[in-house]
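S.K.: just coords:
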């Protein structure tokens, strides 16, 4: 396993529960997008026209969340702040309300539960919201989890179950012929493994040694979030998001009085510097929705890189390079998609099969038709019951 | 000496150069307003109607700066980033320009060097300034120093000259009759001294044990500053300040490409939490003056408490309590007033006299006429050639 964010650790934990030997490689577990994420579990309010297959996957993962959290909290002994709080999308003005009404119709046509709220109903639900907002769309099944608590629970669960953690960066793929057989680490160590799962998020294309055509189609999209703290009664009891004069912003209230505000979206490569203009816009738009936030303590500014793919959907499953499995490219939905990704990849490693729900997200969908001979990571569809390996989230040890 | 900000250390250093034995008490030297300050040396552009005596003191200290810096850099071996860069005050609109024209007349009537710049002249001097600004007032003698470098140079100079540093908080005044004879520290230690100089900034009224009428009239005024970093050619080569829709903001460009943006001004007691609304307003107004700042890296948000007095001017000299000398209440001008305060107090401790220029800033000006019997810290106008003491910036050791 390469990568110890929520995806890498989720896969490692579930693979270990299936009886596989797992090694996870990451110099600093949870320092990437998992740390910055607000943890919205929002299949409905992250719905975009034309992304129907992603909606199905997001919804499937949201449905798995309660059981996943139960099991994880038991295994780790840690709470993860899973709050079934629902989400409201506020309308900035009448034109915005018309857009939300369209989304409402679209969501209903897909069988999703949404409701339109008048200006008055919005104020009744969220008294701290700005008085001029035009109304809202309610998505009662879009919830939240505390992504930092989720990550530390996964780390504990992995260690408790016997996953081996290696705190070194993955430097280069080890190849034998056209097959990935392990990883060379930054300290010169070689780890051999029958299968390596790549879950390095935005850095997934940065491990050297693959032929150019085989490098995963994942790029970094910079995101900044703010963490604020209020005193006294909570300003918010549900997730509140909206588009303020066209700029999207969300406010995610934690149980402890903190509010996570996000998020910028910047195509600037591997640049992790907090940008003054992005912080400004988040503060401006957050206060436009909830004016009282101006009095909150600004506790933290976090920046990370989301792993985006050409169609905004993840890369889950075998690559065209034998021995290399991908669990990356989750873009804005990594926290939400952790359960479904973890179970799918663990199943692939244990049984050699992938569930239908992840079929549309095969990494090979971006391959040029002629780039690779037909081959899969599991040419004989054989399971590896005693060994699955990961890199920079997890390298499965070679137990043969 | 109590207090190891720039004022406390400045006094300690100068007193030591006069041959006095000096002990400085501070749990965390330089963690207060000295750390957050932008370091503007701005007698002209900090000029307010009705504060003529303060202008004279500010100007006197600005004149001392070059020699003070030369001596300090030699003594410490550290540069302090004293830049004779001048200051422009931008006019947000025509009404603001009319206000600056009034200030220009007032400044000229006081013999200060100022110049009015047209919209075109401002753009020529500061190409990065916003195109809509109405003009500017130029104050070519308002400069800057890097307050953090100044503080560390003072610390080095003090140590080099033999000042004793005690890293503990001052807890309570030691009194014998009505006379201060030393300090009790937070760890229970008692330090005796013939004279104690109080230079604890906003915390100056928090050391226990004085009669209520003798507690210095100093209160905390919260200020927040931002530190940004730009790459490439500098956006600014002089200090740029202005009042954006009535909100004052200043941008102080350091030689290393950093820009310090300040400052909020909040009367909220001893509250050091960064407030989201204040950060928002600084980012908003800084970008209103220099739009390119939106692309800068937001490197740091700092909060500290300025020591304000009832008339915004400092408290420099003997208090009515024998043995207690004040060097506090410098409010927005602590960095600027360091040389004149340090020399005045060192002179008082060494010779028993204060220069005329600080006479208007006697701490006793706030005393109720009947509160104290006539007494001074130096009843016989005797000098203490071998001993001056400070508290929580400096306690002079009792060498008797």
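M.R.: Perfect, thanks for sending it. Not measured: the values here are computed from a predicted model.
S.K.: CA atoms for contacts and neighbours, from now on please.
M.R.: Fine.
S.K.: And stretch A:4-13, how far out from the chain middle?
M.R.: 11 Å (C-alpha atoms, centre = their mean, to the nearest Å).
S.K.: Equivalent analysis for stretch A:197-211, please.
M.R.: The chain centroid and the centroid of stretch A:197-211 are separated by 17 Å under C-alpha atoms, centre = their mean.
S.K.: One more: stretch A:143-150?
M.R.: The answer for stretch A:143-150 is 11 Å, by C-alpha atoms, centre = their mean.
S.K.: mind checking the end-to-end distance for it?
M.R.: For stretch A:143-150, the first-to-last residue distance is 14 Å (C-alpha to C-alpha, to the nearest Å).
S.K.: Quick one: the strands in the stretch 251-400 of chain A, in order.
M.R.: A:258-262, A:297-308, A:315-318, A:324-328, A:390-392, A:394-395 (DSSP state E, counting those that start in this stretch).
S.K.: Out of the ones you listed, which is closest to chain B?
M.R.: With C-alpha to the nearest C-alpha, the closest approach to chain B among the strands of the stretch 251-400 of chain A belongs to strand A:297-308: 4.6 Å.
S.K.: and that closest one, what other elements does it pack with?
M.R.: Packing contacts for strand A:297-308, counted by 3 or more C-alpha pairs under 8 Å, 6 or more residues apart in numbering or on different chains; DSSP states H and E, involve helix A:33-36, strand A:219-229.
S.K.: Minimum distance to chain B: which of these has it?
M.R.: strand A:219-229 (7.7 Å).
S.K.: got a markdown table for the helices and strands packed on strand A:297-308, with mean neighbour count and mean pLDDT too?
M.R.: Below are those laid out as a markdown table (neighbours: other C-alpha atoms under 10 Å in any protein chain shown; pLDDT from 0 to 100):
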| stretch | mean neighbour count | mean pLDDT |
| --- | --- | --- |
| helix A:33-36 | 25 | 95 |
| strand A:219-229 | 24 | 97 |
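S.K.: now these as CSV including distance to residue A:304?
M.R.: CSV is the format used below for the helices and strands packed on strand A:297-308 (distance: least, C-alpha to C-alpha, whole Å):
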stretch, distance to residue A:304
helix A:33-36, 5
strand A:219-229, 6
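S.K.: Let's have the ones you listed in TSV, adding distance to chain B.
M.R.: Shown next, in TSV, are the helices and strands packed on strand A:297-308 (distance: least, C-alpha to the nearest C-alpha, whole Å):
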stretch	distance to chain B
helix A:33-36	17
strand A:219-229	8
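S.K.: Let me know the pLDDT of residue A:232.
M.R.: Residue A:232 is assigned 88 on the pLDDT scale.
S.K.: Then residue A:367?
M.R.: Residue A:367 is assigned a pLDDT of 78 by the prediction.
S.K.: Likewise for the one 4 residues further on?
M.R.: The pLDDT attached to residue A:371 in the predicted structure is 46.
S.K.: Return the residues in contact with the residue of chain A positioned farthest from its centre.
M.R.: Within chain A, residue A:120 marks the point farthest from the mean C-alpha position, 34.3 Å out by C-alpha atoms, centre = their mean. Going by C-alpha atoms under 8 Å, 6 or more residues apart in numbering or on different chains, residue A:120 touches residue A:135.
S.K.: Now it, what are its backbone angles?
M.R.: phi -70, psi -40 (degrees, to the nearest 10).
S.K.: just residue A:53 next, same as before
M.R.: Dihedral angles phi and psi of residue A:53 (degrees, to the nearest 10) take the values phi -60, psi -40.
S.K.: what about the closest residue to it other than its chain neighbours, how many residues close to it?
M.R.: Closest residue in space to residue A:53, ignoring its immediate chain neighbours: residue A:360 at 7.1 Å, by C-alpha to C-alpha, 6 or more residues apart in numbering or on different chains. Using other C-alpha atoms under 10 Å in any protein chain shown, residue A:360 is surrounded by 16 other residues.
S.K.: Chain neighbours aside, what residue packs nearest to residue A:86?
M.R.: Nearest to residue A:86 is residue A:140, by C-alpha to C-alpha, 6+ apart, at 4.2 Å.
S.K.: I'd assumed residue A:85 was in contact with the one you found.
M.R.: Yes. Under the criterion of C-alpha atoms under 8 Å, residue A:140 makes contact with residue A:85 at 7.5 Å.
S.K.: Nearest the middle, which residue of chain A would you pick?
M.R.: With distances taken as C-alpha atoms, centre = their mean, the residue of chain A nearest its centroid is residue A:334 (0.8 Å).
S.K.: For that residue, which residues are in contact?
M.R.: By C-alpha under 8 Å, 6+ apart, the residues touching residue A:334 are A:6-7, A:34.
S.K.: Residue A:358 too?
M.R.: Going by C-alpha under 8 Å, 6+ apart, residue A:358 touches A:57, A:316-317, A:344.
S.K.: And these, which is closest to residue A:73?
M.R.: Residue A:73 lies nearest to residue A:344 out of the contacts of residue A:358, by C-alpha to C-alpha, at 20.4 Å.
S.K.: Could you count how many residues lie near the nearest residue to the closest one once chain neighbours are set aside?
M.R.: Leaving aside its sequence neighbours, residue A:344 sits nearest to residue A:354 (C-alpha to C-alpha, 6+ apart; 5.8 Å). Using other C-alpha under 10 Å, residue A:354 has 19 other residues around it.
S.K.: mind listing what residue A:354 touches?
M.R.: A:317, A:344-345, A:347-348.
S.K.: Domain ranges for chain A, per the record?
M.R.: A:6-40+A:148-218+A:310-390, A:84-144+A:220-308 (automatic domain parsing).
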